[in-house]
Structure formats: C-alpha cells, structure tokens
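Novice: Turn this into a structure:
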Amino acid sequence: MNKMEVREEDIPVFEFTEHCAGRYQLELPADMELIRSGYNDELILASVYPPDEVRHDTAYRGEHRVDGWRSRVEAARQKEPVETRNVHWVPEGSLKTLVYYADYRKIPGLSEDPAAKHVFKAHFLKDFSTAERSIAIQGQGGLGFVSRDEPEYKAIYHERLTQMQERAQALEYHPWPHNKPGVCLDREFVVVNAVAPEREGYSMQFVNGKGSWFTLKGGTYTSEGRMKEVQSEARGMLAFLASSSMKVAGRKGRLFISDGKYSETEREFRWVATDSKVNSFHYGHFVIEGAIEMKDYPEMAPMKGTDVIVGLLKSVQVRPYAMLDAKR
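Specialist: Residues are numbered from 1 along each chain as shown. Predicted structure coming up:
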C-alpha cells in the first residue's frame, strides 16, 4: 500500500447529532445533550430541563404529568414568604391554568406596606395527552402586579391573564424535525408563532458531562444601550484574546478563542454577532459560547481545537421556516 493512501478503517469516526436551538439548528458531537433550554417574551416564559431535575418550570412525561406539575407549583407557592391562596384553577382542556395570589403587604421581619401591589402568579400546563407530554409555562411576573389603589384590579388582571393564555397556546409538541415558524425549545417542543411577539429571548445549553459545553443565546434587543453594551464588550474586554471576523448562519460577528483555565488541551470560545439591530428578529441578539476539551474526543486528535470550534460554528444554520413569523 502506498504510504500516501489511508485505509478506510483508519479514518477517525466523527459522530454528530443534529439539534434545534431557538430559530437555529446545529450539529454537535453525539455525546452532547441539552441540559437547559429557556424562552421568554412579553407574556410568557417556558423552560425545559432534564426529567430528573426537580423544577416546576419544565417538561413532563408519563401518565402522572399533570399531578407532577401541580405538586411542583404547589411547592413553589408554599415557599412564598407571605400568605398565599389559589384564586383560579382550570383543569379542563389542553391548557391547564393555575393562579395564586400572594399578599405582599407584610413580609415577615419587615415593616408593613399597606400600599404593596396586588400580586398574581400565573402558571400554565400545555398538555398533549396522546403523546403523554406536557410543558409548563409561566406568565410574565410583571403582568401579575396591579396597583393596590386600582378599584378594577381583578378585571385588569383577568384581561392580562387572557392574553397570557392565548400566547401559552402557541407552545406545541412537534417531534424533530419540525418545520414550524418560531422558536424551538428542544427536540419536542416549539413556540409556534404565526405572528412574532413584540420581543423574545432564548438560551440553550448542551454539555457532554465531561469538560465540553456549548451555549447558544438569541433574541431581540429592545434598546440601543443594551445592544451597544454587548458589542462594546466584544471590542473591549475580550479584545486581548485571539479573535477574528467570522460569519455564522449568515450573521457577521467576531470569534474569540482562548486557552482553557484548567487544561492545556481545552479551548474556550465566544462568538458575538456584530450586525445586530434594535427590535429585529433577523438581526437580533446572537451569542454562541462554550469550551471544547480535546481529551473528550480522541478521534479529533489530528485536528486543532480552533478547527473543531470553527467547524461547530459553521454547522449553525437558520432552521427551515424558522423566520416566517419574523417580519423585521
């Protein structure tokens, strides 16, 4: 055999899995798993965590999913530092609704505040009975605050609750691959938006349980100040790191790479979009960061850590149909 020839069995096997993340999709080493995914807009927030993580804002599976959700919401209510009571419970239909009232006029150990706002905390569970899957959704906290001196406070909150319920209905179960407009939370759940909300934010983190991790964050900038703050950080504080211009998923940005803090074979990275615009979905907030520990992937030994990072970033693409609802 010619020494320039390479036998097929000697070629390293690279196993990758395709994932969705927000309005994007990407390929990661097969041992990387999603451990945290979150979405929020002006009306709701939703999160997905591993099934064994005890949280009330997550996905549920199996025949006891509704009871599991209710128990975790009740546990959250019991942890409130003030007196609470359930004021609204709708167990019927695919969208379960539970609202409790928290009386913040007197917090133990603090002086009374008779003018403290009315506080309603809304929790929803979008249930998909045929698939035995559910996802918990929370109403945005600020919408639950109504002035104490407002005589129609119940009507005001009820109107807000209706808006939150309508938005919560947008959470749908679509096993991957899912060609739906909006934001993908994981391989099962998508925020399907026929019309984009006023603003949105999302973050997904993947880890391999060893030394490598990968996080993607996206959304909209609602102020010029916040956008400039992120871009200035990229130009300033991180400028001492090795950096280069690089496009990711059609977006212009800067890639910063540095040696790991605890390992000579680890490479940390951060890519920041530099073409962002305020109140834009197409050109909104977009940051990707993580670390690759080359010892985790001996099959990649012939490659440099920088090459591996660039390869992962090159795999990031806009999901098919993901931007259909984004008109700006």
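Novice: Might you list the low-confidence residue ranges for the stretch 51-200 of the chain?
Specialist: In the predicted model, the stretch 51-200 of the chain carries no residue with pLDDT under 70.
Novice: In it, what residue spans correspond to helices?
Specialist: 65-78, 153-168 (DSSP state H, counting those that start in this stretch).
Novice: What is the distance between stretch 73-81 and the centre of its chain?
Specialist: Distance of stretch 73-81 from the chain centroid (CA atoms, centre = their mean, to the nearest Å) equals 24 Å.
Novice: What are the buried residues along that stretch?
Specialist: The neighbour-count check on stretch 73-81 (16 or more other CB atoms under 10 Å) flags 73, 76, 77 as buried. Placement of C-beta: from N, CA and C, glycine included.
Novice: same thing with stretch 258-267?
Specialist: Within stretch 258-267, the residues that count as buried by 16+ other CB under 10 Å are 258, 260, 266, 267.
Novice: how far away is the last one from residue 293?
Specialist: Put plainly, it is residue 267. 8 Å (CB to CB, to the nearest Å).
Novice: overlap in contacts of these two?
Specialist: Common contacts of residue 267 and residue 293 (CB atoms under 8 Å, 6 or more residues apart in numbering): residue 260.
Novice: picking up where we left off before, most widely separated two among the buried residues of stretch 258-267?
Specialist: 258 and 266 (9.6 Å; CB to CB).
Novice: still on that earlier bit, mind putting the helices of the stretch 51-200 of the chain in a markdown table, distance to residue 24 included?
Specialist: As requested, these are arranged in a markdown table below (distance: least, CB to CB, whole Å):
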| stretch | distance to residue 24 |
| --- | --- |
| helix 65-78 | 28 |
| helix 153-168 | 22 |
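Novice: Of those helices, which is nearest residue 132?
Specialist: So among those, helix 65-78 is nearest, using CB to CB, at 6.9 Å.
Novice: gap between that closest one and the chain center?
Specialist: The mean C-alpha position of helix 65-78 is separated from the chain mean by 22 Å, CA atoms, centre = their mean.
Novice: and it, what other elements does it pack with?
Specialist: Applying 3 or more CB pairs under 8 Å, 6 or more residues apart in numbering; DSSP states H and E, we find helix 65-78 packed against strand 59-61, strand 95-102, strand 118-128, strand 133-139.
Novice: run the last query once more with 10 Å
Specialist: strand 59-61, strand 84-90, strand 95-102, strand 118-128, strand 133-139 (3 or more CB pairs under 10 Å, 6 or more residues apart in numbering; DSSP states H and E).
Novice: which one of these has the most crowded surroundings?
Specialist: Greatest average neighbour count among the helices and strands packed on helix 65-78 goes to strand 133-139 (a mean of 24), per mean count of other CB atoms under 10 Å.
Novice: then that strand to CSV, C-alphas only?
Specialist: C-alpha atoms of strand 133-139 as CSV (Å, rounded to 0.1, in the frame of the first residue of the first chain):
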residue,chain,number,x,y,z
ARG,A,133,-46.2,15.0,27.1
SER,A,134,-46.7,18.4,28.8
ILE,A,135,-44.8,21.6,29.1
ALA,A,136,-45.0,24.1,32.0
ILE,A,137,-45.4,27.8,31.1
GLN,A,138,-45.3,30.8,33.5
GLY,A,139,-47.0,34.2,33.0
